[in-house]
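# A predicted structure for the sequence below; I have some questions about it.
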Amino acid sequence: MDTTCYLEPTWNAGRDFAQREITGELVMLNLLRFREIADYSQDPELAPPRPISGAEAYDRYVAHTLPHLQKSGGDILFMGDGGAFLIGPEAERWDRAMLIRQKSRGAFLAFAVAEAYLAGIGHRTAALADSRLLPLVKLPR
């Protein structure tokens with residue numbers, strides 16, 4: 001089993017996404033696995049006074065991020081608890097899944113580098129043990 005953790009896009013993945021020809025809306029599928037206890041060592045200024053779970057830290061990230069996401073033309077379409085797969089590797093589990101709609105690739109890229117958004121990204125870093133982010137583009141009818 002691959003034990004690599006994925007928390008940020010690689011340079012190549014970011015470049016490929018930025019160059020991908022996407023017109024119109026896209027939906028980002030997020031699969032999230034939380035740390036048992038959030039690790040704020042990279043962003044101690046965001047740390048709460050007492051230890052919190054990774055899920056609680058991620059909730060803080062969502063609360064910080066949602067206004068910036070909505071201002072950029074995006075929104076949360078769905079957020080739900082995960083668990084074990086019905087079809088998939090038995091040993092693999094995800095704690096939460098989210099579908100995030102964004103009005104365009106450009107709007108997503110601008111949102112992802114906005115200083116106001118980045119001010120709270122430390123909650124995400126503290127929360128996550130592993131993640132996946134898959135951009136989805138609606139098929140034509």
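Done, it's in. Residues are numbered from 1 along each chain as shown.

# Need the contact partners of the lengthiest helix in the chain.
Under DSSP state H, the helix in the chain containing the largest number of residues is helix 54-71. Residues external to helix 54-71 that are found in contact with it (C-beta atoms under 8 Å, 6 or more residues apart in numbering): 32, 34-38, 40, 46, 48, 75-76, 79, 95-96, 100, 102, 111, 114, 116-117, 119-121, 123-124, 126-129. The way it works is simple: take the backbone N, C-alpha and C, and place the C-beta from them, glycine included.

# buried ones in that helix?
For helix 54-71, a neighbour-count test (16 or more other C-beta atoms under 10 Å) marks Gly54, Ala55, Glu56, Ala57, Tyr58, Arg60, Tyr61, Val62, His64, Thr65, His68, Leu69 as buried.

# from those, which is closest to Ile22?
Leu69 (17.6 Å; C-beta to C-beta).

# Next step: the contacts of helix 54-71 restricted to strands.
Leu32, Phe34, Asp75, Ile76, Met79, Asp95, Arg96, Ile100, Gln102, Leu128, Ala129 (DSSP state E).

# circling back to that earlier point, got a markdown table for the buried residues of helix 54-71, with pLDDT too?
Listed next are the buried residues of helix 54-71 as a markdown table, based on pLDDT from 0 to 100:
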| residue | pLDDT |
| --- | --- |
| Gly54 | 98 |
| Ala55 | 98 |
| Glu56 | 98 |
| Ala57 | 98 |
| Tyr58 | 98 |
| Arg60 | 98 |
| Tyr61 | 98 |
| Val62 | 98 |
| His64 | 98 |
| Thr65 | 97 |
| His68 | 96 |
| Leu69 | 96 |
